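Participant: sharing a model that was predicted from the sequence below.
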Amino acid sequence: MSALQRIAAGGCILWLALAIAVAGSAGPLSLLDLLLLLGPLVIVPLGLDLISRQPAGARFPMQQVITVHQATSAPIACASFWFEPGALAGALTVPWLVQSLAIAFWGASELPAALRAAHRDVPALLMIAARLFLPVGAAWFVLSRAGAAPPGIGEPFAELTAVHFHFTGFAAPILLAQAAPWMGRWHMPQAGALLSGIPVVATGFTLDLQWVRLAGVILIAGSLISCAARLLAAGPRKPAAAGILPALSALCVLAGMPLALVYAIRELTGPGWPAIPEMVRRHGVLNGLGFSLCGMPGWSLRPAPRDPSAGR
């Protein structure tokens, strides 16, 4: 087990303890808070572990520093929820913002080489994009806990934006990169749709433009649903966990992303189902616990195709 996997395992234990406390009506956390904390505690270290297996990632000189800081910055961010939104709560999330910026710098250091090989190495671009999106989520995390969201953007939208960039922004590109060998020629348009849809959705939330949000959701949902369907048809089967966990992840996409489309359309038509609390309970759980938490460890066990044309 790698250092990042051990950090993720420790984060999972802490997160489960927090979830049990929430289930017992103890502590200040809501379900949305739990979903947000799942990102720094578990999803990000698992994603970094997948990224670090790439040859370019192994050469980054700050990788060891990022690993050590990962073990402390995420638990400190958890402590912010034991204080009312304000200066102290916001300050406790700053180490996570610093960690996210270091991760983004890691991604940016690989960007020139990846752009030169973009036509043949789309997965590398996806994994770089994931690292570049992460500080956006961390910045919104800080704003949410500091109670300093921009005028007109109240809660839960600031926290929802933080969740969006930790899961759809960070986890989804990494998981799509892992699945790319099984996507055949479709992985390039899927990657383009996902990477363009992520900022479009965030822009729609920030500017309160429902049509913009709907366009972004269509791009993201189309990318992930088509990827999930293809993966279920042609994905890895052995060892067992490498087939079962990515398949569960894909099934959660097929169950959760249509709900996001329904919500985006409902925003244009007026009040109705699903409301935000229902989206958190259903789409949020399917995306966080199902898609991301099943996908990350599943792909870490996957067998790689024998040649780049596999799955075509």
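Facilitator: Sure, I can see it.
Participant: and stretch 208-228, which residues are buried?
Facilitator: Taking 16 or more other Cβ atoms under 10 Å as the basis for neighbour counts, the residues of stretch 208-228 that come out buried are 212-228. (C-beta placed from N, C-alpha, C; glycine too.)
Participant: state the pLDDT value of Trp82.
Facilitator: At Trp82, the model reports a pLDDT of 93.
Participant: Leu224 now?
Facilitator: Confidence at Leu224, expressed as pLDDT, is 91.
Participant: ok, and it, which helix or strand is that part of?
Facilitator: Remark: Leu224 resides in helix 210-234, with elements defined by DSSP states H and E.
Participant: helices or strands next to that helix in the packing?
Facilitator: helix 172-179, helix 187-207, helix 240-269 (3 or more Cβ pairs under 8 Å, 6 or more residues apart in numbering; DSSP states H and E).
Participant: what's the angle from the last one to helix 187-207?
Facilitator: Between the axis of helix 240-269 and that of helix 187-207 there is an angle of 40 degrees, by axes from the mean of the first three to the mean of the last three Cα atoms, to 10 degrees.
Participant: and helix 240-269, what does it pack onto?
Facilitator: Based on contacts counted as 3+ Cβ pairs under 8 Å, 6+ apart, the elements that helix 240-269 packs against are helix 172-179, helix 210-234, helix 276-279, helix 293-300.
Participant: repeat that with 7 Å
Facilitator: helix 210-234, helix 293-300 (3 or more Cβ pairs under 7 Å, 6 or more residues apart in numbering; DSSP states H and E).
Participant: got the angle for that helix vs helix 210-234?
Facilitator: 160 degrees.
Participant: C-terminal to the helix or strand of the chain with the lowest mean pLDDT, what's the next element?
Facilitator: Of all helical and strand segments in the chain, the minimum by mean pLDDT, DSSP states H and E falls on helix 55-58, at a mean of 50. Toward the C-terminal end, the helix or strand that comes next after helix 55-58 (DSSP H and E) is helix 63-79.
Participant: in CSV, could you pull the C-alpha coordinates for that following helix?
Facilitator: The C-alpha coordinates for helix 63-79 follow below in CSV (Å, rounded to 0.1, in the frame of the first residue of the first chain):
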residue,chain,number,x,y,z
GLN,A,63,5.5,15.1,-4.7
GLN,A,64,6.8,14.0,-1.3
VAL,A,65,5.9,17.4,0.2
ILE,A,66,2.4,17.2,-1.3
THR,A,67,2.0,13.7,0.2
VAL,A,68,3.0,14.8,3.7
HIS,A,69,0.9,17.9,3.6
GLN,A,70,-2.1,15.9,2.4
ALA,A,71,-2.1,14.0,5.7
THR,A,72,-2.5,17.1,7.8
SER,A,73,-4.3,19.7,5.6
ALA,A,74,-7.5,17.7,5.1
PRO,A,75,-8.2,16.9,8.8
ILE,A,76,-7.5,20.5,9.7
ALA,A,77,-10.2,21.5,7.2
CYS,A,78,-12.6,19.2,8.9
ALA,A,79,-12.2,21.1,12.2
